[in-house]
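> Need coordinates for the following:
(chains A and B, ligands or ions: 2)
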Amino acid sequence: MLVLTGLRKTFHAGTPNEVRALDGVSLRLADGEFATVIGTNGSGKSTLLNAVAGTFLCDEGRIELDGAQMGRWPEHKRAALVGRVFQNPLGGTAPQMSIAENMALAARRGLSRGLAPALTKALRAEIAERVASLRMNLESRLDTPIGTLSGGQRQALTLLMATWLKPRLLLLDEHTAALDPKSADQIVRITAEIVARDRLTTLMVTHSMQQAAQLGTRILMMHRGRLAHDLSGDERARTRSDDLLARFDALRRRDQMDEGVAAMLRKQHV
Amino acid sequence: MTLLVGALTIGLALALLALGVYLAFRVLDFPDITPDGSITLGAAVSAQLVVSGWNPALATCAGFLAGCVAGAVTGLLHTRLAINGLLSGILVMTALYSVNLHVMGRSNIPLLGARTVPDQLAELCAPLVGRSELNVFGWSVPAHDAAVLLGFLGLAVATALVLLWFLRTRRGTALRACGGNAGMMRALGVDVDRQIVLGLALANGLAATAGALLAQYQGFADVQMGIGMVVWGLASVIIGEALVGGASLGSLLAGALMGSVLFRLMVAIALRFGLDPNDLKIVTATFVLLALVAPRWMRSWKAARGARGAG
Ligand SMILES: Nc1ncnc2c1ncn2[C@@H]1O[C@H](COP(=O)(O)OP(=O)(O)O)[C@@H](O)[C@H]1O
Ligand SMILES: [Mg+2]
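Ligands and ions are numbered 1, 2, ... in the order given. Model (predicted):
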């Protein structure tokens, strides 16, 4: 179970560029829960995932995963518990190394890396089997440098890498956003398969209302560094992408109204 | 002929430097110029120990370790104190100049008469080449020189093989991936900073070993002997890549080795035909510069020609 308590993060604090990217986020994600995260650009979705993954340390708040208080751990230590896929298909793989070598690196996520050969016959066979499960015909090209593959292929392999050792938490940050629609659909299918098969506790940021409505057991909507809506259970089940769009509009109207009031106050007092 | 054998032998000693430069620049993608200092450090440490009666093989190992320490310091400056990579190398290289003078106690240590690694290798390889002069394509080569050459060849090949083995282990593949995509490796649970320190330590250990071998072969260690050697190693790596065409890890390591020998040979021939030794560094630098920009020129030239052909 993931428990976030009062997470705050301000970038460039004390300068004119100050951004309150996380403004008190608290969240409980039960084991096996699959939450999609939506929100306007800059609402703090990536920052939330990065905070949990340990890309930076938060200013305030606690991060607990399966009982471990990991809020102060460095990123590489948290990686033993957390699997990640980035938005950029180039971000999750080492381009000059082969498919097999990349997979072998992932097979030791969070484990010690001694002087044993990275690739053994047994591991290669397992890699071929798991890569075949993607149904992308990549199992015959295990020695191809991964940099020569398409974005969709790389993203599928990155998903496989992030989940090779079952993570306590899977973080997906708009991992289909950089892909063409067909590849994106393929990655969505693979994501759903893997998460369901391993019953992974998952946070998936997406820009697509369809994906948010279609995938997962819970929807989190972020706005200005806070969780504005948290839909689960029956409410989640009834939610369509149109409902999500309506909620977006409501948030936007409230912002405009706030700005309108602020402008009025300025006029009256200056 | 003696000139040729000498050039080949020195090229093989410096192949270790080329492997180190390959590791830093290509595998780690870290522009490390510490080797300019660590080559001399390896030479100074091993020369001092050889003179004071150590077994030369052990003295060379000590040189390797000293180089590892120098590389680790560069890595720590970069990762712990967030100092730019190039600057970290410059700082350590500069500091090493004083360290080397202290180790040596003066600016030059002659090794004439001392038993050295080349002597040990020559004894080891003597049964292979016989006792008298060798006849190679009509030239006669003293058996001792041929044995040393053979010994250095064995040493360089063995080092390349060990490096190849290491880069294919779990730790070695992690090291390679850190150079290609550090963010990914953090997400896979690897402390990237530690990998950089480890990689730079190894790279400079190799460079220092090259310095130790070079000093013992030429019969002296000199505080100036490292100047410009990173560029030299880079030239070897570039020639190697051109030779093998950027294929597998194994062929790239072999390429660095061959590149070092070939480059030394080219230099020896150029010197033989009247190149002023004072111009050696500018020629080397120009060569590396050309090798770096030529591919870009070729591309734009081809593109321009293609556009004209189409229009
Ligand atoms: N590393 C950073 N340094 C400075 N500002 C950042 C950084 N990461 C995010 N921000 C800022 O924090 C806010 C939230 O960004 P982000 O979490 O990326 O939004 P999104 O919801 O679109 O993923 C934005 O204003 C962004 O500019
Ligand atoms: Mg984002």
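
> Up against chain B, what does the stretch 51-200 of chain A have?
Contact residues (Cβ under 8 Å from any Cβ of the partner chain) of the stretch 51-200 of chain A with chain B: A:53, A:74-77, A:79-80, A:82-84, A:86, A:90-97, A:101-102, A:104-106, A:108-111, A:113-119, A:161-162. Placement of C-beta: from N, CA and C, glycine included.

> Output the below-cut-off pLDDT ranges for the stretch 1-150 of chain B.
Low-confidence segments of the stretch 1-150 of chain B (pLDDT under 70): B:1, B:131, B:137-138.

> wait, does the helix ranked longest in chain A contact ligand 1?
As assigned by DSSP state H, the longest helix anywhere in chain A is helix A:241-269. No. Helix A:241-269 lies out of reach of ligand 1 by Cβ under 6 Å from any ligand atom, never closer than 13.0 Å.

> cool, and stretch A:7-25?
Yes. Among the residues of stretch A:7-25, A:11, A:19, A:21 lie within reach of ligand 1 under Cβ under 6 Å from any ligand atom.

> Give me the three-state assignment for the residue in the stretch 1-150 of chain B positioned nearest to ligand 1.
Using Cβ to the nearest ligand atom, residue B:82 is the residue of the stretch 1-150 of chain B that sits closest to ligand 1, at 15.9 Å. Following DSSP: H, G, I helix; E, B strand; the rest coil, residue B:82 is assigned to coil.

> list the contacts for it?
For residue B:82, the contact set (Cβ atoms under 8 Å, 6 or more residues apart in numbering or on different chains) is empty.

> ok, residues contacting stretch A:109-118?
A:79-81, A:83, A:101, A:104-105, A:161, A:164-165, A:167, B:166, B:168-174, B:188-190.

> Could you give me the buried positions within it?
Going by neighbour count (16 or more other Cβ atoms under 10 Å in any protein chain shown), the buried part of stretch A:109-118 is A:109, A:110, A:113, A:118.

> Just the CA trace of that stretch, in PDB.
What follows is stretch A:109-118, C-alpha atoms only, in PDB (Å, rounded to 0.1, in the frame of the first residue of the first chain):
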ATOM      1  CA  ARG A 109      16.500  -3.900 -10.600                       C
ATOM      2  CA  GLY A 110      17.400  -3.100  -7.000                       C
ATOM      3  CA  LEU A 111      19.600  -6.200  -6.600                       C
ATOM      4  CA  SER A 112      23.400  -6.400  -6.300                       C
ATOM      5  CA  ARG A 113      25.300  -6.400  -9.500                       C
ATOM      6  CA  GLY A 114      28.400  -8.600  -9.100                       C
ATOM      7  CA  LEU A 115      30.900 -10.000 -11.600                       C
ATOM      8  CA  ALA A 116      28.700 -12.800 -12.900                       C
ATOM      9  CA  PRO A 117      28.000 -12.600 -16.700                       C
ATOM     10  CA  ALA A 118      25.100 -10.300 -17.400                       C
END
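
> how far is that stretch from where the chain is centred?
26 Å (Cα atoms, centre = their mean, to the nearest Å).

> again, but for stretch B:106-117
With Cα atoms, centre = their mean, you get 21 Å for stretch B:106-117.

> Would you mark the buried spots in that stretch?
Quick answer for stretch B:106-117 (16+ other Cβ under 10 Å): B:109, B:111, B:114, B:116, B:117.

> what does stretch B:136-146 give?
Those would be B:141, B:143, B:144, B:145, B:146, for stretch B:136-146 by 16+ other Cβ under 10 Å.

> quick one: the second one and residue B:130 touch, right?
In this case it means residue B:143. Yes. The pair residue B:143 / residue B:130 is scored as a contact, 5.8 Å apart, by Cβ atoms under 8 Å.

> Going by residue numbers, what spans are strands in chain A?
Remark: strands assigned in chain A by DSSP state E are A:2-11, A:19-29, A:34-39, A:60-65, A:68-69, A:82-85, A:169-173, A:202-205, A:218-223, A:226-232.

> thinking again about what came up before, okay if I get the buried residues of stretch B:136-146 as TSV plus distance to residue A:212 and secondary structure?
Formatted as TSV, the buried residues of stretch B:136-146 follow (distance: Cβ to Cβ, whole Å; DSSP: H, G, I helix; E, B strand; the rest coil):
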residue	distance to residue A:212	secondary structure
B:141	77	strand
B:143	79	helix
B:144	78	helix
B:145	75	helix
B:146	74	helix
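
> can you list these in TSV and add distance to residue B:262?
Output for the buried residues of stretch B:136-146, formatted as TSV (distance: Cβ to Cβ, whole Å):
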residue	distance to residue B:262
B:141	20
B:143	25
B:144	24
B:145	20
B:146	20
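
> how much space between residue B:303 and residue B:193?
Using Cβ to Cβ, to the nearest Å, residue B:303 is found at 40 Å from residue B:193.

> Just flag the most distant two among the buried residues of stretch A:109-118.
Spatially, the most separated pair among the buried residues of stretch A:109-118 is A:110 and A:118, at 15.8 Å (Cβ to Cβ).

> tell me the most buried of the strands of chain A?
Mean neighbours per residue, mean count of other Cβ atoms under 10 Å in any protein chain shown, is largest over these for strand A:82-85, with a mean of 28.

> Quick test: name the residue nearest the centre of the chain.
Picked chain A for this. For chain A, the residue nearest the mean C-alpha position is residue A:172 (2.3 Å; Cα atoms, centre = their mean).

> Can you name the residues that contact the residue lying closest to residue A:74 once chain neighbours are set aside?
In space, and not counting its chain neighbours, residue A:74 is closest to residue A:54: 6.2 Å by Cβ to Cβ, 6 or more residues apart in numbering or on different chains. Residue A:54 makes contacts with A:70, A:73, A:74, A:75, A:77, A:78, A:79, as judged by Cβ under 8 Å, 6+ apart.

> Tell me which residue of the stretch 51-200 of chain A lies closest to ligand 1.
Ligand 1 sits closest to residue A:56 of the stretch 51-200 of chain A, with a gap of 7.0 Å, by Cβ to the nearest ligand atom.
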